[in-house]
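>>> Sequence plus predicted model, see below.
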Amino acid sequence: MNGVHDMGGMHGFGPVEPEANEPVFHAPWEGRVLAIRRALGAWRKWNIDAGRHSIETLPPADYLRMSYYEKWLASAIKLALGAGLITERELETGQRDPSAPVATPPLTAAMVMPAILKGSPTHRDTAAKPRFAAGQAVRARDINPTSHTRLPRYVRGRRGTVERDHGAHVFPDSNARFEGENPQYLYTVRFSARELWGESANPGDSVHLDLWEGYLDVA
Amino acid sequence: MNGVHDMGGMHGFGPVEPEANEPVFHAPWEGRVLAIRRALGAWRKWNIDAGRHSIETLPPADYLRMSYYEKWLASAIKLALGAGLITERELETGQRDPSAPVATPPLTAAMVMPAILKGSPTHRDTAAKPRFAAGQAVRARDINPTSHTRLPRYVRGRRGTVERDHGAHVFPDSNARFEGENPQYLYTVRFSARELWGESANPGDSVHLDLWEGYLDVA
Amino acid sequence: MATDPDHDHGHDNHLSEMVLRVKALETLLVAKGLVDPAALDAMIDAYENKIGPRNGARVVVKAWTDPAYKARLMEDATTAIAELGYSGAQGEHMVVVENTPAVHNLVVCTLCSCYPWPVLGLPPVWYKSSAYRSRAVIDPRGVLQDFGLTLPDDVAVRVWDSTAEIRYLVLPERPPGTEGLSVEALEALVTRDTMIGTARVAAP
Amino acid sequence: MATDPDHDHGHDNHLSEMVLRVKALETLLVAKGLVDPAALDAMIDAYENKIGPRNGARVVVKAWTDPAYKARLMEDATTAIAELGYSGAQGEHMVVVENTPAVHNLVVCTLCSCYPWPVLGLPPVWYKSSAYRSRAVIDPRGVLQDFGLTLPDDVAVRVWDSTAEIRYLVLPERPPGTEGLSVEALEALVTRDTMIGTARVAAP
């Protein structure tokens, strides 16, 4: 979707403001939110792409206003409601529906570090041959999907060069809709800054994106 | 500027919600804001383009959250402060600085309807010849000005056809910066929906924009 | 819980606060001699009582009923509209676009909320909404469906994004079965939305 | 007055409200057996105390001091980083990009806030900000100036927008005059920002 989250190239957000000696969390609730959202993820009711889409589909004014962990909280609630882990009624009252069974958490303290260290790789073996090769000129497709995509607006229709083939990876556009992993070859594509932003860009500068085969055409 | 105001082609704002029997104003303060902003305009301390830019440069989250007349109020205050018509101190206290002279309003009740009916035409005579003519193929330039522009992002780099020559009009990009009217030929340019949005668009549909000569190149 | 929980119960407070803020600003501006409160009253009266979509409806019906006027309107809308007494602010340079069985026109301003004030008055909230401004150019048929209007694929949709000071008025199709109607009865059929392009004129 | 006047004096209330909302949600989830509070504690401990930019600094200094390791790192960063014990969530597929006198690399995620957690920990607020996400790709040199770093025009800036599950770590240049330093002293020079690309490693 062409959402407000797709903000590459926008103006008007002011300077970047680094914070000296920034703590990992600015308040304990932020850490709880991080941990809650990831612990709920262990139920495997959704995937990372659906999780990102749940944030992208927050009301745009909220998206811009909320802090990162406020968005994570809103997203955790949306996802848990959508998956039926909790109900609107439970959320309102704060009380467990007495008729619902009490579950056993899939993630225990002992499993946390092993789970982190394992992660969730998205590379998939495929028998398919890659359509593109390093050095090849490609053009990002002019698509405007209304659902989740990882093809930012600022490169659509633009010509770039394949730099690297990462093998096949889970395709977010279908995975976010729970329509399957549909692994596709993923490529790092280099775009010159001038191709993206016009003549005022520095001629030597470039922007590199990791783009799935379905996002690309032969240039 | 590539601001959040430049929202053509975005997703995520939900359905359009028409209101039955909508009043001109939903509360009296809205009318006061409209009238105040236009009455302040009669001081000719700014122009319509600078006025638009003052709205575009509101913090993006505020821009999306505020109602139309809230934005007009914020803009009227910014413009009046910027032009020195009022001071921050006066705004805080609500009291006129006693050392400042009391002015005479340039817009009286009797002048309102004549001023409305006259308006502020932006057409300017010019000795220059138009660069483009109806029927000609053009391409919107890939520019990303950080200040005011009326070339939306969604047509940049796209190919269209000149439909109509409107003569020379005040150029907003310079006028908004108080750098002069710099009149340029203005053209209605037709872009096919497929050129803008890709293959999923209806092949007969089109979007038409009024674009200044400086926004266009020969295709 | 995804949106600000303060939003709803804070709404009335927010409105009273706007009343206070606007009143405070007006008081200051009047004290400084920057605005004349009678001029503010006159401006509000103009847009509440004098300038609105009935103006546009008169233009449309005259075009329907007077072929010579329609020809002038399509050739130079600013001048033809001024014949009826409508001109000026936010309509200095007018263009009329005509709906036909093959073409449907829709007007938007993606960058702000430009709108032909002399013929339609001030724009409705939906016209100024992010939803309309964002979608009208990429999904005009979906927007029309939000208004209950489904267009066949073979009707071309022309969207007019008001990026300059040219303002657009849609000349809707005159519905069948209206041959015997008076000018007044015809004007009553022409709603604001038919002149923006989000509706067709309904037969009586 | 351009922004919400409630924002500032409402800030403390807003924070206490977040505390209450998060607590209420956690209580509900624990009551339903959906999450184990000890697992939440362990997750927070992992990112507060075990996983952070010191991991990345070890990778960088090993690459500076061990040419064979650097070769493995540039060839297959995921495997080379795992040699040091760092792997997994949000770093499943790593790529290292090397700064040179002619090339400066900068990492961003315009679409959300993807970041190489195993080597850098959780991202700082500025990395997640709209300001950084929007400007890093269109005005990387302006962003670097916000960090006090002005690059000559003839140094090419390569921006890496993390649009997929590949995560990027910048290998900064080793500053001159560091030949005699211990591994620990070298690691202390390698700040988080030097591995994102918003800073260069300062000479000691």
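Nice, I can see it. Residues are numbered from 1 along each chain as shown, chains lettered A, B, ... in the order given.
>>> Every contact and neighbour count from this point should use C-alpha atoms.
OK.
>>> just so I have it, where are all the strands in chain C?
Using DSSP state E, the strands of chain C run over C:93-98, C:103-108, C:156-161, C:166-171.
>>> Of these, which is nearest chain B?
In terms of C-alpha to the nearest C-alpha, the element of the strands of chain C nearest to chain B is strand C:156-161, at 4.6 Å.
>>> Sheet-wise, list the partners of that closest one with their directions.
Strand C:156-161 has the following strand partners under DSSP bridges: strand B:206-212 (parallel), strand C:103-108 (parallel).
>>> Mind listing residues that contact that strand?
Strand C:156-161 is touched from outside by B:204-210, C:102-110, C:136-137, C:140-141, C:168, with contacts defined as C-alpha atoms under 8 Å, 6 or more residues apart in numbering or on different chains.
>>> any idea of the mean pLDDT for it?
For strand C:156-161, mean pLDDT rounds to 98.
>>> Run the contact check for whichever helix in chain C runs longest versus chain D.
If you go by DSSP state H, chain C has its longest helix at helix C:11-31. No. Residues of helix C:11-31 are not located near chain D by C-alpha under 8 Å from any C-alpha of the partner chain, the shortest gap being 9.2 Å.
>>> What is that helix packed up against?
Helices and strands touching helix C:11-31, by 3 or more C-alpha pairs under 8 Å, 6 or more residues apart in numbering or on different chains; DSSP states H and E, are helix B:28-41, helix B:88-93.
>>> State the distance from the residue most central in space within chain C to B:Ala176.
Nearest to the mean C-alpha position of chain C, counting by C-alpha atoms, centre = their mean, stands C:Leu120 at 4.5 Å. Relative to B:Ala176, C:Leu120 is positioned 27 Å away (C-alpha to C-alpha, to the nearest Å).
>>> cool, and A:Ser75?
40 Å.
>>> re earlier: please type out the ChimeraX selection for whichever of the contacts of strand C:156-161 turn out to be buried.
A single ChimeraX command selects the buried members of the contacts of strand C:156-161 (16 or more other C-alpha atoms under 10 Å in any protein chain shown):
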select /B:205,206,207,208,209,210 /C:104,105,106,107,108,109,110,136,137,140,141,168
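>>> where along chain A do the helices fall?
Here chain A has its helices, by DSSP H, at A:28-41, A:48-56, A:60-65, A:68-82, A:88-93, A:109-118, A:172-175, A:193-197.
>>> for chain A, longest strand please?
As assigned by DSSP E, the longest strand anywhere in chain A is strand A:159-169.
>>> Pull up the pairing partners for it, direction included.
When DSSP bridges is applied, strand A:159-169 pairs with strand A:123-124 (antiparallel), strand A:137-140 (antiparallel), strand A:184-192 (antiparallel).
>>> Just name the most buried of these.
strand A:184-192 (a mean of 25; mean count of other C-alpha atoms under 10 Å in any protein chain shown).
>>> now that one, how far from the centre of its chain.
With C-alpha atoms, centre = their mean, to the nearest Å as the basis, strand A:184-192 stands 17 Å off its chain's centre.
>>> and the closest residue to A:Arg37 other than its chain neighbours, what is it in contact with?
Distances taken as C-alpha to C-alpha, 6 or more residues apart in numbering or on different chains put A:Ala76 closest to A:Arg37, at 5.3 Å, once the chain neighbours are dropped. With contact taken as C-alpha under 8 Å, 6+ apart, A:Ala76 is in contact with A:Ile36, A:Arg37, A:Leu40.
>>> Going by neighbour count, which of those are buried?
Buried among those (16+ other C-alpha under 10 Å): A:Ile36, A:Arg37, A:Leu40.
>>> Leaving out sequence neighbours, find the closest residue to residue 198.
Let's take chain A. Excluding its sequence neighbours, the residue lying closest to A:Gly198 (C-alpha to C-alpha, 6+ apart) is B:Asp142, at 5.0 Å.
>>> nope, chain C please
Of all residues not flanking C:Thr198 in the chain, C:Leu144 sits nearest, at 5.7 Å (C-alpha to C-alpha, 6+ apart).
>>> Which pLDDT value does the model give the one you found?
pLDDT, C:Leu144: 98.
>>> burial measure for it, as a count.
Look at C:Leu144: counted by other C-alpha atoms under 10 Å in any protein chain shown, it has 18 neighbours.
>>> Could you do A:Trp197 as well?
For A:Trp197, using other C-alpha under 10 Å, the count is 22.
>>> repeat for A:Ala27
Neighbours of A:Ala27 under the rule other C-alpha under 10 Å: 12.
>>> what does C:Asn13 give?
11.
>>> Roughly how far does it sit from C:Ala102?
If you measure C:Asn13 against C:Ala102 using C-alpha to C-alpha, the figure is 50 Å.
>>> starting at the chain centroid, how far to stretch C:38-57?
Put simply, stretch C:38-57 sits 14 Å off its chain's centre (C-alpha atoms, centre = their mean).
>>> what's the first-to-last distance across it?
Criterion C-alpha to C-alpha; first-to-last residue distance in stretch C:38-57 is 30 Å.
>>> Other residues contacting it?
With C-alpha under 8 Å, 6+ apart as the test, stretch C:38-57 has contacts from B:24, B:31-32, B:34-36, B:39, B:107-113, C:86, C:117-122, C:169, C:187-188, C:190-192, C:195.
>>> ok, and the closest non-adjacent residue to A:Glu213?
Leaving aside its chain neighbours, A:Glu213 sits nearest to A:Tyr185 (5.5 Å; criterion: C-alpha to C-alpha, 6+ apart).
>>> just checking, the one you found touches A:Arg164?
No. Using C-alpha atoms under 8 Å, A:Tyr185 is not in contact with A:Arg164; the gap is 10.5 Å.
>>> where does chain A dip in pLDDT?
Along chain A, no part satisfies pLDDT under 70.
>>> near chain B, which residues of it?
Contact residues, chain A versus chain B (C-alpha under 8 Å from any C-alpha): A:1-4, A:9-13, A:57, A:59-62, A:64-65, A:142-144, A:146, A:196-200.
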